[in-house]
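> the following block contains a protein sequence and its predicted model.
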Amino acid sequence: MGYAAGVGKTYKMLEEAQDLKAAGLDVVVGYFEPHGRKDTIARTEGLEIVPRRRVTYRESVFEEMDTEAILERRPQVCAVDEFPHTNVPGSQRSKRWEDVEALLTAGIDVLTTMNIQHLESLNDQVWQISGVRVRETIPDWVVQQAHEVVLVDLTPRALLNRIQRGVVYDRAKAEKALENFFREHTLVALRELALRQAAHEVEQRLEDGETKAAPAAGDAAGAHQHHKILVLVTASPKTAMVLRRAKRVSDFLGAECFAVAVQPSGDLSGLPETDREALERHLNFARNLHIETRILEGDDAAATLVEFARRNQVTQIFLTRPQGKVWLPALSRDPAQRVIRLAKDMQIVIVSDREPMAR
Amino acid sequence: MPTEQRRKTPEDFLRECQAEEEESSHKGRLKIFLGYASGVGKSFRMLDEARRRRERGQDVVVGAIQPQVPQEVAPILGKLEVVPLKVVGSATAGDATAIDVDTLIARHPAVCVIDGLAYDNPPGQRNRTRWEDVRDLLSAGIHVIASINIQYISELTDQVSAITGKHVNQTVPLSFIQGADEIEIVDAPPIEPMERSPDEQLQARKYEERLSKLRELALVVTADVVDCQLTEYLERHGIPQQFGAHERILVCITPRANMQEMMSTAQTVARRFHGDLIVAYVRQAQISAADQSALDLKLAIANAAGAHVEVLEGGDPAEVLLQFARSKGVTQLYVGHSQRTGLARLKGSPLDRLIWEGHGMDVCVFPQSNA
């Protein structure tokens, strides 16, 4: 894991592939993006590279990792560059991380590369930091399944030097890159995120190991089993933000996380089409993050939510910030305001809008 | 408010960097490679950088290497000029070496490599420790690339010995590490225990656990150094941005707040996110003796919990808290449910204001009492 293109992830991955090969393992490169970087290309020397699959889409030819060929070839270890990549439409699996899952299921060990900005739960924070809305994301649970996460670190100054020398990108691309991700303070902030995430990944694996070694000692591992987080899903576009944040917090606390929508009919049938689509999209998004979802029946969203929370021993309710400023909050019909009034015995978390500031 | 409007080219960036460097052109730049154990590859990374710099035409000299050099390092070392360590007194005492500061300053390379910062010098040297020697090299205008393991940072020795059971004596102060111009962590997973007898496996697992804890500590320490650098950069360039890369939790208390639940959640969250915990109280003009003593107790609890405690002044509590929170880059604001009832409630409480105006921070509202 790194924090920007050019920090040396692919190089490091290939180096490890070389070490494993030298140790006698059957290693292939499943996908490699050379970007014209000489030092990196040199690291593939002596490694078997499985040829890419050519896919025609809308009269253009794209090259993708040939997962079936790798499965056929059955190496012990496969190196796969650019974990967050989205495959061209019409591919058997839409995401490269799904291809990697297929390799793992077949018993092939995988080395792969990604940057911190592709982690789903950090999407809003990355937007806040960089002004870039990253589209290719990886759900956190996929990364959590990794046996190891290794941070590939480089100081922003050294990285900017590399870019300036043309090591990372060609000239035109370098200038484009410097416009968004590659401002120095953006790099520093992303690097900090990556370092903290790596620390978290180490801690998580340490605890998993302890729990596995001594399941009875689980209680001592921390106070997390007491936390249960509930998210209200609405048609508001801010729902995705709340789901990401709630999931991140529940992962860090080792808490359970549920997402519920409330509808008078108990399903989405009675809704105008745009609202129904939005709600469906948000519930799907939650499920993709491995958050359990439910649609509750009730005329009063806030009251139904609070009652559900009490019944299920929820400790925290996550909500979006109320829409627009209201002069008489006590009379507001905004669900967030009403939940706050109704659930004075509970922790309510109003999730902030994490938006990039004007620059 | 000055913001960075114009798009920058790589040249702009380097010019900026160079301008900053010229401000302190008489001083060398310090770059530190930080690791969590020997064998993670610090020496290699550092010497590899030295090699690349040398290939780009910089005058590089090695001022200190570890007594045992890893195999892959030897070929790189062979291509670099080495100023050997001085042997002091009788050569029979293994540790009686020091870097040869006088020779290095006289030789005056552009870059000097010091593998291993945490050594005490033998008596009679210009400095007591090697890191002070490095400070002299920097003052003489020589750039230094150095390496150190997390175990050897003075302020961390208690934490480290709690993990490893060993206490180290030769250390470098954290401030010296934090003052480096650049710090880079060399991360690698601990080596996996191999198939062994159950007893050996247990030993190996414990060893791996210890290494993982040190690794986590090294990552967090580096993140903290990076956070300081970010804050400094933003201040220097007048960029009023809040990035939230570091979670900072602000617990707002009142004399009657339900401190226990707030603090226990705040402490858990701070620990799990490796975040900062701040407790603030906005001083009220007239409070009863009972409230005052309740408040004093709460502030004492906060102090004992290791939180930064702040007593703020100002008439409008919500405004004071928001300003303080923004200035500290707070990402999560903890506050009690509003206790207003009846007509007072209609006007909107300070809580409503925190929710409306707390941009960039989550507002967590807590139950007031166990009732």
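Perfect, I can see it now. The structure presented is a predicted model; accordingly, all values stated were derived computationally and were not measured. Numbering: from 1, shown residues only, chains lettered A, B, ... in the order given.

> what are the ranges of the strands in the stretch 1-150 of chain A?
Under the criterion DSSP state E, counting those that start in this stretch, the stretch 1-150 of chain A contains strands at A:27-31, A:48-49, A:53-57, A:60-64, A:77-80, A:109-112.

> hang on, I meant chain B
Secondary structure of chain B (DSSP state E): strands at B:30-35, B:60-64, B:81-82, B:86-87, B:97-98, B:111-115, B:143-149, B:182-185, B:248-253, B:276-282, B:308-312, B:332-336, B:362-366.

> can I get those strands in TSV including distance to A:Gly6, mean pLDDT and mean neighbour count?
No exception for glycine: its C-beta is placed from N, CA and C like everyone else's. Below are these laid out as TSV (distance: least, Cβ to Cβ, whole Å; pLDDT from 0 to 100; neighbours: other Cβ atoms under 10 Å in any protein chain shown):
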stretch	distance to A:Gly6	mean pLDDT	mean neighbour count
strand B:30-35	18	96	25
strand B:60-64	23	96	24
strand B:81-82	30	94	12
strand B:86-87	40	87	14
strand B:97-98	38	90	20
strand B:111-115	22	96	25
strand B:143-149	20	96	24
strand B:182-185	14	95	22
strand B:248-253	30	95	25
strand B:276-282	31	95	22
strand B:308-312	37	95	15
strand B:332-336	33	93	25
strand B:362-366	33	93	24
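
> make JSON lines out of those strands and add distance to chain A.
Below are the strands of chain B laid out as JSON lines (distance: least, Cβ to the nearest Cβ, whole Å):
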{"stretch": "strand B:30-35", "distance to chain A": "7"}
{"stretch": "strand B:60-64", "distance to chain A": "15"}
{"stretch": "strand B:81-82", "distance to chain A": "23"}
{"stretch": "strand B:86-87", "distance to chain A": "31"}
{"stretch": "strand B:97-98", "distance to chain A": "29"}
{"stretch": "strand B:111-115", "distance to chain A": "13"}
{"stretch": "strand B:143-149", "distance to chain A": "11"}
{"stretch": "strand B:182-185", "distance to chain A": "4"}
{"stretch": "strand B:248-253", "distance to chain A": "12"}
{"stretch": "strand B:276-282", "distance to chain A": "12"}
{"stretch": "strand B:308-312", "distance to chain A": "19"}
{"stretch": "strand B:332-336", "distance to chain A": "8"}
{"stretch": "strand B:362-366", "distance to chain A": "4"}
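
> so which of those strands comes closest to B:Glu132?
With Cβ to Cβ, the closest approach to B:Glu132 among the strands of chain B belongs to strand B:97-98: 10.7 Å.

> other SSEs contacting that closest one?
strand B:86-87 (3 or more Cβ pairs under 8 Å, 6 or more residues apart in numbering or on different chains; DSSP states H and E).

> scan chain A for its longest strand.
strand A:256-263.

> next one: that one to chain centre, how far?
20 Å (Cα atoms, centre = their mean, to the nearest Å).

> contacts for that strand?
A:227-234, A:243, A:246-247, A:250, A:268, A:270-271, A:279, A:282-283, A:286, A:291-298, A:300-301, A:304-305, A:308, A:312, A:314 (Cβ atoms under 8 Å, 6 or more residues apart in numbering or on different chains).

> let's see it at 6 Å
Taking contacts as Cβ atoms under 6 Å, 6 or more residues apart in numbering or on different chains, the residues outside strand A:256-263 that touch it are A:228-231, A:233, A:246-247, A:250, A:279, A:286, A:291-296, A:298, A:301, A:304-305.

> among these, which ones are buried?
A:228-231, A:233, A:246-247, A:250, A:279, A:286, A:291, A:293, A:295, A:298, A:301, A:304-305 (16 or more other Cβ atoms under 10 Å in any protein chain shown).

> for B:Glu232, the count of nearby residues, please.
B:Glu232: 11 surrounding residues under other Cβ atoms under 10 Å in any protein chain shown.

> what angle do strand A:256-263 and the following helix or strand past the longest strand of chain A make with each other?
The first helix or strand that comes after strand A:256-263 along the chain, using DSSP states H and E, is helix A:273-288. Here the directions of helix A:273-288 and strand A:256-263 differ by 170 degrees (axes from the mean of the first three to the mean of the last three Cα atoms, to 10 degrees).

> flag every buried residue along helix A:273-288.
A:276, A:278-279, A:282-283, A:285-286.

> state the pair within the residues you listed that is farthest apart.
The largest separation in the buried residues of helix A:273-288, counting by Cβ to Cβ, is between A:Arg276 and A:Ala286 at 15.8 Å.

> which regions of the chain sit below the pLDDT cut-off?
Using chain A here. A:170-181, A:214-225, A:324-332, A:357-359 (pLDDT under 70).

> um, chain B though
B:1-25, B:90-95, B:192-196, B:240-241, B:340-348, B:369-371.

> what about the longest helix in it?
Under DSSP state H, the helix in chain B containing the largest number of residues is helix B:198-236.

> could you do chain A as well?
Counting residues, the longest helix in chain A under DSSP H turns out to be helix A:184-213.

> the next helix or strand after it pairs with which strands, parallel or anti?
Using DSSP H and E, the next helix or strand after helix A:184-213 towards the C-terminus is strand A:228-232. According to DSSP bridges, strand A:228-232 has the following sheet partners: strand A:256-263 (parallel), strand A:316-320 (parallel).

> centre of the chain to whichever strand or helix holds A:Gln337, how far?
Taking DSSP H and E as the criterion, the element that holds A:Gln337 is helix A:335-342. Distance of helix A:335-342 from the chain centroid (Cα atoms, centre = their mean) equals 30 Å.
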